[in-house]
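Student: Below is the structure, and that's it, no one-letter string:
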């Protein structure tokens, strides 16, 4: 086994929900040498365990990098592609996954390696969706990769109208009240709460601000959005919340998108929100009852949508400036899972 190290890199796992089943994919098992490239975020919350220097059983060639800038990350991925890795391992949280998938751009075109996530960040929603157990380790990912155990996920791609820059990629997009709630969650992280707890506290505070704040509060007033999707012409109006994802499930068992459907799943809530005391528990439990749509709570499944935002949006925990955006499905990726 050969090991190439660019830094002293830690390894650890973060607690997640119960695993979801993965199925062996024909042709994905590896019979020969397994070439592994690892991107580790040295700033991730739980990156404080044993290092990878000694190598890992099950990897015939191990390349480890801890890039500290986006430019360095892109260079790392170009090097991984040149070395023809079989497995791309991302050691970090949702933000690290977002940065790696974005920086990859078209490096692999339609021939991506399999992807394994070792959740070690403040938030690990993708790991929860993939069903990674609390003790998921790199050796587990390597074993599952050799057996061809994968599940397919397609990230969102967010492209700016008239901008030739590569699109951002991630799994959870939100605007309006979601952006405000995320800012609260990030403040909670600094206070020491992580994963489900921080997200739950932030969302709970956002609902409280809406329910018990004044009728003229910024939470209730919503944000101006121009929104359209196939079969629905563009409409500009105030929206309380816009949430979109390709994930099948969210932390804490929340089901704001209702039953699983193909494409991008959206929850669109008109402003000001109506009957929120009744609607909130119904939405979080996955209800798509007709009265919710009549009250301004809309569930949508579409291959893409266009949105124009005066305010910014959140993609996997990071704030981005608003503008005219096209949100579409990204490449189909094979994520290693139990």
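Tutor: Looks like it arrived, so ask away. Please read these numbers as outputs of a predicted model, since none were measured by experiment. Numbering: from 1, shown residues only.

Student: Now residue 222. Nearest residue, chain neighbours left out?
Tutor: residue 271 (2.5 Å; C-beta to C-beta, 6 or more residues apart in numbering). C-betas here are computed from N, CA, C, even on glycine.

Student: Give me the residue at the spatial middle of this protein.
Tutor: residue 171 (3.2 Å; C-alpha atoms, centre = their mean).

Student: Who are the contact partners of it?
Tutor: By C-beta atoms under 8 Å, 6 or more residues apart in numbering, the contact set of residue 171 is 94, 97-98, 125-126, 129, 153, 155-156, 245-247, 316.

Student: quick one: which of those is nearest to residue 290?
Tutor: Set against residue 290, the nearest of the contacts of residue 171 by C-beta to C-beta is residue 245 (23.0 Å).

Student: Can you give me every residue that contacts that closest one?
Tutor: Counted by C-beta under 8 Å, 6+ apart, residue 245 has contacts 156, 171-173, 257, 264-265.

Student: 10 Å - rerun?
Tutor: 125, 129, 155-156, 170-174, 256-257, 264-267, 316 (C-beta atoms under 10 Å, 6 or more residues apart in numbering).

Student: Now the residue lying closest to it once chain neighbours are set aside. Its backbone dihedrals?
Tutor: Among residues not flanking residue 245 along the chain, residue 172 sits closest, at 4.9 Å (C-beta to C-beta, 6+ apart). The phi and psi torsions at residue 172 (degrees, to the nearest 10) take the values phi -140, psi 110.

Student: and residue 172, how many neighbours does it have?
Tutor: 24 (other C-beta atoms under 10 Å).

Student: go on, residue 73?
Tutor: Counted with other C-beta under 10 Å, residue 73 comes out at 21.

Student: where's it relative to residue 41, distance?
Tutor: Here the criterion is C-beta to C-beta, to the nearest Å. By it, residue 73 lies 10 Å from residue 41.

Student: Need the overlap of contacts for these two.
Tutor: 66-67, 96, 99-100.

Student: Show me the one in the residues you listed that has more neighbours than the rest.
Tutor: Tallying neighbours with other C-beta under 10 Å puts residue 96 at the head of the shared contacts of residue 73 and residue 41, with 25 neighbours.

Student: Does that residue touch residue 115 like I think?
Tutor: No. The pair residue 96 / residue 115 is not scored as a contact, 12.0 Å apart, by C-beta atoms under 10 Å.

Student: joint contacts of those two?
Tutor: Contacts common to residue 96 and residue 115, judged by C-beta under 10 Å, 6+ apart, are residue 90.
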